[in-house]
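1. heads up, no residue letters with this:
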Ligand code: NI
């Protein structure tokens, strides 16, 4: 029985968050163990989405669970996810990120996207998503490309956040809030 483990989530301004992740070629034991750990880490945070690079593994893997708090879990895994179509219509959603804890901002993105990906059995899928799923997929796929949600904000706002986290990183070890507000950290 493989042992699941919590992994450390890396936090802004960690440069590894800017890495472009590599595609997964073979879904082997190591990848399955990583996915298990990602779920454990994501649920513990708690967050609704996590990209492998957030636990410092530069592979194109995303875990997600958009189920409401008291509903049963709906774990989803996206391997090598890729946006194949974006709607011209946009919407605004307040986003957060486990790698930028306790910071939230409104981000404008396409309302709907088509995403192709592989499941854990290596089977290819393409889905059309809207609402929170579309937002979350775009946020996480951005992570696999080294892009953060603050990159979608004005330069002024982005610079302020980066400065704040640089300062915090200097002062202490990485901030690790135990209590997350009841919002979506992706
Ligand atoms: Ni994020």
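-> Happy to help now that I have it. All of these numbers come straight from a predicted model, not from anything done at the bench.
2. isn't residue 61 right up against residue 79?
-> Yes. Using Cβ atoms under 8 Å, residue 61 is in contact with residue 79, at 5.6 Å. Every C-beta, even on glycine, is put in place using the N, C-alpha and C of the backbone.
3. need the overlap of contacts for the two.
-> With contacts taken as Cβ atoms under 8 Å, 6 or more residues apart in numbering, the residues that reach both residue 61 and residue 79 are 24, 31.
4. among these two, which residue is more densely surrounded?
-> Neighbour tally, residue 61 and residue 79, criterion other Cβ atoms under 10 Å: the higher count belongs to residue 61, 29 against 23.
5. got the phi/psi numbers for the more buried one?
-> Taking degrees, to the nearest 10, you get phi -130, psi 140 for the backbone angles of residue 61.
6. report the contact partners of it.
-> Residue 61 makes contact with 21, 24, 31, 34, 35, 38, 51, 52, 77, 78, 79, 144 under the criterion Cβ under 8 Å, 6+ apart.
7. again, but for residue 8
-> Contacts for residue 8 were tallied using Cβ under 8 Å, 6+ apart; they are 55, 56.
8. run through the bridge partners of the residue in the chain positioned nearest to the ion.
-> Nearest to the ion, among the residues of the chain, is residue 97, at 3.2 Å (Cβ to the ion). Beta-bridge pairing for residue 97 (DSSP bridges): residue 100.
9. you'd agree it is up against residue 151?
-> No. In this structure residue 97 lies outside contact range of residue 151 using Cβ under 8 Å: 11.0 Å.
10. more neighbours, those two?
-> Residue environment comparison for residue 97 versus residue 151 gives the larger neighbour count to residue 97, 28 against 12, counting by other Cβ under 10 Å.
11. how far does the host helix or strand of residue 92 sit from its chain's centre?
-> Using DSSP states H and E, residue 92 maps to strand 90-97. Strand 90-97 has its average C-alpha position 13 Å from the chain's average C-alpha position, going by Cα atoms, centre = their mean, to the nearest Å.
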